[in-house]
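# Below: sequence and its predicted model.
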Amino acid sequence: MTDLKFGAVLWSQATDWSGFLSAAQRADDLGFDSIWTWDHLYAIFGEPHQPIVEGYTALAGLALGTTRADIGLLVGANTFRNPALVAKSVITIDHMSGGRVVLGLGGAWFELEHTAFGIDFGSGFGQRLDWLDEATAAIRDLLDGRSVTSGDDATYEFRDLVLTPGPSQDHLPIMIGGSGEKKTLRTVARFADQWNAFGTPETLAHKDGVLRAHCADVGRDESEIERTVGAKIVIRDSEEQAKRALEDLMEHNQTPMTNIADDHTFWIGTAEQIAEKMVGYRQVGFHTFLVEMPAPYDQETMEALIEQVKPAVAAS
């Protein structure tokens, strides 16, 4: 999977529905290959008690409010919902969208929202990843039309479960987010059609090697898995202008710049600088770029990504 693709990941915090939907429709019109949003119940940047839209209801809105891009959650928190209900919900949204849904899943990490909402956070990240692996196995079977009955020692208690109707897609893809080498990447190897990760090209080249080893171990063709990299990008005519634009976005999201000073997933600069950076990721096998967009959503960056950056990266 070497086709160059761009996705827009709209932050779901510090926005209202009208602004969120308008940004998604602009991304759809511009030609982004996919549109995503978070699955969080509290804001994860800055003050947690900011306005935030819920993931699956937002995804249903995108299904009806957009026309061509794939849509999904980056990524759905497995802890929030029964996995069979997740499969049922995403099938419904898939039909609403005309077959454009990707089912995003991850182990979940933000303890505050779990505590506030009374959601079981488990004993630690290891247990949540075990839950994720079990849930993803069941979801894959359900999406593919198979009956699911849980084993005696399973976390979930499914009994002769079948979902009707099935997806409108012949194969509804699953996206797994995360890079844990022992558990997450093994779940990616077993079930994922897409994998999302963050890090430098060197870091992701190493993680990709671990994923390839897991694929060999479970008998999976690693070329079936689309590698995607996440970044938060602001583009202007100069790096200084891009920095000022990022400061404005972070102020709107009640996030001091000191909070993100060491976050290397923020990429700022000119279109040429961003394109050069992306080429380095393509060289290690990551050809899909999922670009996070904080509210109130940066139209100038959206346009520059599609009209300037994407052609430059493709040409190189």
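Here it is on my side, so go on. Numbers count the residues shown, from 1 in each chain.
# What's the end-to-end length of stretch 26-42?
25 Å (C-alpha to C-alpha, to the nearest Å).
# now the helices: where do they sit in the chain?
Along the chain, counting by DSSP state H, helices occupy 17-30, 55-65, 83-97, 111-117, 125-143, 184-191, 201-218, 239-252, 271-282, 299-304, 310-315.
# same for the second one, what does it pack against?
Looking back up the chat, that one is helix 55-65. Where contact means 3 or more C-beta pairs under 8 Å, 6 or more residues apart in numbering; DSSP states H and E, helix 55-65 is packed against helix 17-30, strand 34-37, strand 70-73, strand 76-77, helix 83-97. For glycine as for every other residue, the C-beta is placed from the backbone atoms N, C-alpha and C.
# likewise the third one?
Judged by 3+ C-beta pairs under 8 Å, 6+ apart, the packing partners of helix 83-97 are helix 55-65, strand 101-106, helix 125-143.
# Quick one: mean pLDDT for the longest one?
In this case it means helix 125-143. Average pLDDT, helix 125-143: 97.
# quick one: that helix to helix 184-191, angle?
Helix 125-143 runs at 10 degrees relative to helix 184-191, counting by axes from the mean of the first three to the mean of the last three C-alpha atoms, to 10 degrees.
# Would you enumerate the residues in contact with the residue nearest to the spatial centre of the chain?
Residue closest to the average C-alpha location in the chain (C-alpha atoms, centre = their mean): Leu74, at 2.1 Å. Counting by C-beta atoms under 8 Å, 6 or more residues apart in numbering, Leu74 touches Val9, Trp36, Thr37, Trp38, Asp39, Gly104, Met175, Gly177, Asn196, Gly230, Leu290.
# would you list those in JSON lines and tack on neighbour count?
Shown next, in JSON lines, are these (neighbours: other C-beta atoms under 10 Å):
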{"residue": "Val9", "neighbour count": "24"}
{"residue": "Trp36", "neighbour count": "33"}
{"residue": "Thr37", "neighbour count": "30"}
{"residue": "Trp38", "neighbour count": "24"}
{"residue": "Asp39", "neighbour count": "25"}
{"residue": "Gly104", "neighbour count": "26"}
{"residue": "Met175", "neighbour count": "26"}
{"residue": "Gly177", "neighbour count": "24"}
{"residue": "Asn196", "neighbour count": "27"}
{"residue": "Gly230", "neighbour count": "19"}
{"residue": "Leu290", "neighbour count": "25"}
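# okay, these in JSON lines with pLDDT and distance to Gly269 next?
Output for the contacts of Leu74, formatted as JSON lines (pLDDT from 0 to 100; distance: C-beta to C-beta, whole Å):
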{"residue": "Val9", "pLDDT": "98", "distance to Gly269": "19"}
{"residue": "Trp36", "pLDDT": "98", "distance to Gly269": "23"}
{"residue": "Thr37", "pLDDT": "98", "distance to Gly269": "25"}
{"residue": "Trp38", "pLDDT": "98", "distance to Gly269": "25"}
{"residue": "Asp39", "pLDDT": "98", "distance to Gly269": "29"}
{"residue": "Gly104", "pLDDT": "98", "distance to Gly269": "28"}
{"residue": "Met175", "pLDDT": "98", "distance to Gly269": "28"}
{"residue": "Gly177", "pLDDT": "97", "distance to Gly269": "25"}
{"residue": "Asn196", "pLDDT": "98", "distance to Gly269": "23"}
{"residue": "Gly230", "pLDDT": "98", "distance to Gly269": "17"}
{"residue": "Leu290", "pLDDT": "98", "distance to Gly269": "18"}
